[in-house]
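1. Sequence isn't available, so here's the structure alone:
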């Protein structure tokens, strides 16, 4: 993959990649016609990745948690590489300092192979694009999702970049298939193709306890629920439980908390966003405004 000219000019374009090196970010030329951030990584030797968003252009939401999850993925893969937080965070800060017009969607990858750049070899690549959120009606009225039995994560605890390619035949954002909900053995409800899934019954939030990715936003929402004295349990739900749910919602680092009001065309509860979901949506909106931090603040946050 070719290098480009400058971090400043690259960050101003719609979708751009940068190699993260000790000498700073080096712009990489994405394939012609690529407009979707995830597609821009296709030519790279895929490894693991993290996706997150900014607030007020330079503050990142939950960057320490994303760094920690990336480090856990590396450990689980057994790769002999340590993520240099100072290099990555410095590059993120430099890239975001040159974005002046809009908030950003950010992705960083640790590649399976080394990439040679003018500033030296690296295995870390950062991608940036303007942040596009679901429509206001999605948050206000809720969305429909569909069940999907033909896809599953090979290693659920690893944020594997190849899964982004594997899920591509099942596009996101359609009116009745805003996302797809993965169904495991015996009808077990797992997670959505790009988010975590939650059902609410009798005021208690239920989500899968294992066999799913450790969602960063899911963890934040669990803490918000705890502070609000809303019961939160890691207890499996099945397809048979869908008819008994009062509410459902999904969480992701880009979308936040989104109400689910239909599954395969059948209403969940009253078919509209419920009170627990609405409370968590407000709590999460407050959280990202108060807790988003500049990239360099994450360098020395305790690893876990």
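-> Structure's in. What do you need? Please read these numbers as outputs of a predicted model, since none were measured by experiment. Residues are numbered from 1 along each chain as shown.
2. Secondary structure element for residue 34, which one?
-> Of the helices and strands defined by DSSP states H and E, none includes residue 34.
3. ignore the last one, residue 145
-> Going by DSSP H and E, residue 145 is part of strand 143-148.
4. packing partners for that strand?
-> Applying 3 or more CB pairs under 8 Å, 6 or more residues apart in numbering; DSSP states H and E, we find strand 143-148 packed against strand 180-183, strand 256-263. C-beta: built from backbone N, CA, C; applies to glycine.
5. same thing but at 10 Å, please
-> The contact analysis (3 or more CB pairs under 10 Å, 6 or more residues apart in numbering; DSSP states H and E) places strand 143-148 against strand 180-183, strand 189-192, strand 247-252, strand 256-263.
6. Switch those strands over to a markdown table; also include mean neighbour count.
-> Output for those, formatted as a markdown table (neighbours: other CB atoms under 10 Å):
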| stretch | mean neighbour count |
| --- | --- |
| strand 180-183 | 22 |
| strand 189-192 | 25 |
| strand 247-252 | 26 |
| strand 256-263 | 23 |
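7. Tell me which of those sits nearest to residue 134.
-> Taking CB to CB, strand 256-263 is the member of those nearest to residue 134, at 6.2 Å.
8. Pull the distance from the closest one to the chain's centre.
-> Here the centre of strand 256-263 is set off from its chain's centre by 16 Å, with CA atoms, centre = their mean, to the nearest Å.
9. my guess is residue 277 is in a helix, correct?
-> Yes: assessed with DSSP: H, G, I helix; E, B strand; the rest coil, residue 277 lies in a helix.
10. from memory it sits against residue 245, does it?
-> No: using CB atoms under 10 Å, residue 277 is not in contact with residue 245; the gap is 11.0 Å.
11. what number of residues lie near the residue nearest to residue 246 when sequence neighbours are not counted?
-> Nearest non-adjacent residue to residue 246, counting by CB to CB, 6 or more residues apart in numbering: residue 269, 4.4 Å away. Neighbour count for residue 269, taken as other CB atoms under 10 Å: 19.
12. again with the one 4 residues further on
-> By the measure other CB under 10 Å, the count of residues near residue 273 is 24.
13. so which strand or helix has it?
-> Using DSSP H and E, residue 273 sits within no helix or strand.
14. separation between it and residue 224?
-> 16 Å (CB to CB, to the nearest Å).
15. ditto for residue 293
-> Counting by CB to CB - residue 293 and residue 224 are separated by 18 Å.
16. Could you pull up the mean pLDDT of whatever helix or strand residue 67 lives in?
-> Using DSSP H and E, residue 67 maps to helix 63-77. For helix 63-77, mean pLDDT is 97.
17. And for stretch 210-221?
-> When pLDDT is averaged over stretch 210-221, the result is 96.
18. hang on, the earlier thing: go through the helix or strand following the helix holding residue 67 and flag the buried ones.
-> The element immediately downstream of helix 63-77 (helix or strand, assigned by DSSP H and E) is helix 85-97. Judged by neighbour count (16 or more other CB atoms under 10 Å), helix 85-97 contains these buried residues: 85, 87, 88, 89, 90, 91, 92, 93, 94, 95, 96.
19. Output the lowest mean pLDDT helix or strand found in this protein.
-> helix 7-12 (a mean of 39; mean pLDDT, DSSP states H and E).
20. That concludes my questions; thank you for your assistance.
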